[in-house]
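[1] Everything below, folded, please.
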Amino acid sequence: MLANQITKDNIETMVINFYSRVLKDDIVGPYFIHELGDDMDNKYWQPHLKLLVDFWASIVLGDTSYQRNPLGPHILMDDLSPTVFEQWLKLFFETLNEIYEPQVADIFKEKSTTIAGNFMRDLGLA
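    Sure thing, here's the model as predicted:
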């Protein structure tokens, strides 16, 4: 059953499902594997997943747990391109469609599209 509201619990489910998908992807996966490894149960992934849950909760729920600059880590990544961001969004949208009712998924889609566009602009990719 698709969620018809956003909660921190279903954000966590979405984040875990999304990054499970990312790790299998030939375009986006290598960036995360390079930084965090290929096992989401390891000591690097677990805090990162919590951070991402807090990030999305701040974006869509106004939660104040996330207190970082999301662009910062991306500045240090080599070889990012519009293609990587486009694939990230494609995988993210697929995951959203499996977790949320369309009207709820659209909230994340709008926010993530804006964030990706801002990141590409700030990284000089757009």
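[2] how about the helices of the protein, start to end?
    8-23, 29-36, 45-61, 72-75, 82-99, 102-122 (DSSP state H).
[3] Tabulate these (TSV), appending mean pLDDT and mean neighbour count.
    (C-beta placed from N, C-alpha, C; glycine too.) As requested, the helices of the chain are arranged in TSV below (pLDDT from 0 to 100; neighbours: other CB atoms under 10 Å):
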stretch	mean pLDDT	mean neighbour count
helix 8-23	98	18
helix 29-36	95	16
helix 45-61	97	17
helix 72-75	83	12
helix 82-99	98	17
helix 102-122	97	15
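[4] give me phi/psi at K43?
    phi -70, psi -10 (degrees, to the nearest 10).
[5] Give me the pLDDT for it.
    Note for K43: predicted pLDDT of 97.
[6] again, but for L71
    87.
[7] Identify the residues contacting S58.
    S58 is in contact with T64, S65, Y66, counting by CB atoms under 8 Å, 6 or more residues apart in numbering.
[8] Quick check: F93 vs V60, distance?
    15 Å (CB to CB, to the nearest Å).
[9] The closest residue to S20 other than its chain neighbours: what's it in contact with?
    Leaving aside its chain neighbours, S20 sits nearest to M40 (6.8 Å; criterion: CB to CB, 6 or more residues apart in numbering). Shown in contact with M40 (CB under 8 Å, 6+ apart): I16, Y19, S20, L23, Q46, L49.
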